[in-house]
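Chemist: Turn this into a structure:
(one chain, ligands or ions: 1)
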Amino acid sequence: MPRWGPTGDGAVVSYRLAKQRVIDAVESGQRMPHEVCDAQPELRRVAHHHSAKINEPCPMCEGEDLVAVTFAFGQGLPKAGRCVADERELQGLRRRGKRATVYMVEVCRQCWWNHMRESFEVSGTEAVAG
Ligand SMILES: [Zn+2]
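Modeler: Numbering: from 1, shown residues only. Sure thing, here's the model as predicted:
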């Protein structure tokens with residue numbers, strides 16, 4: 001799991017059920033693996049350079065190269081979202097004075113499976129020690 005978390009900012013939305021539906025659809029032949037292992041070039045780039053390892057096998061290829069990439073959306077942030085590369089950047093978001101929604105996507109760097117993993121809100125007003 002990534003080394004930072006959503007502590008103190010309210011509920012975390014899990015996308016576990018939606019993800020399982022996609023996995024089931026592939027396993028039953030309703031969808032082809034290439035339809036769900038379709039990470040876009042920008043997502044692949046971020047997965048290579050600004051991601052955190054997830055200690056779970058990839059649900060598609062069962063490879064060991066599953067990572068989490070994190071993006072923030074909100075007022076004052078780029079329309080395409082801002083990549084949150086580490087804890088320091090997340091702390092910056094927490095202190096920004098503006099609300100943001102943070103989305104974590106899991107990406108497999110072997111087959112390029114990708115799916116939303118969880119999301120949470122940051123208030124932007126949190127005092128962070130240090
Ligand atoms: Zn994979």
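
Chemist: what residues does the protein put near the ion?
Modeler: 58, 60-61, 63, 108, 110-111, 113 (Cβ under 5 Å from the ion). In this view, the C-beta of every residue, glycine as well, is placed from N, C-alpha and C.

Chemist: low-confidence ranges in this protein?
Modeler: Filtered on pLDDT under 70, the chain yields the residue ranges 1-10, 127-130.

Chemist: and the longest helix for it?
Modeler: helix 16-27 (DSSP state H).

Chemist: Dump the very next helix or strand once past that helix to CSV, keeping only the CA atoms.
Modeler: Counting by DSSP states H and E, the next helix or strand C-terminal to helix 16-27 is helix 33-36. The C-alpha coordinates for helix 33-36 follow below in CSV (Å, rounded to 0.1, in the frame of the first residue of the first chain):
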residue,chain,number,x,y,z
PRO,A,33,-8.6,-8.1,-21.3
HIS,A,34,-7.2,-5.6,-23.7
GLU,A,35,-10.3,-3.4,-23.1
VAL,A,36,-9.5,-3.1,-19.4
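
Chemist: tell me how far helix 33-36 is from the chain's mean position?
Modeler: 19 Å (Cα atoms, centre = their mean, to the nearest Å).

Chemist: residues making contact with it?
Modeler: 22, 26, 60, 111, 113-115 (Cβ atoms under 8 Å, 6 or more residues apart in numbering).

Chemist: And the spatially most central residue of the chain, how far from residue 67?
Modeler: In the chain, the C-alpha nearest the mean C-alpha coordinate belongs to residue 104, at 1.8 Å (Cα atoms, centre = their mean). In this view, residue 104 and residue 67 are 10 Å apart by Cβ to Cβ, to the nearest Å.

Chemist: now do residue 102
Modeler: Taking Cβ to Cβ, one finds residue 102 at 16 Å from residue 67.

Chemist: Those two: which has the busier surroundings?
Modeler: residue 102 (24 against 19; other Cβ atoms under 10 Å).

Chemist: you'd agree the more buried one is in a strand?
Modeler: Yes: Residue 102 forms part of a strand when assessed by DSSP: H, G, I helix; E, B strand; the rest coil.
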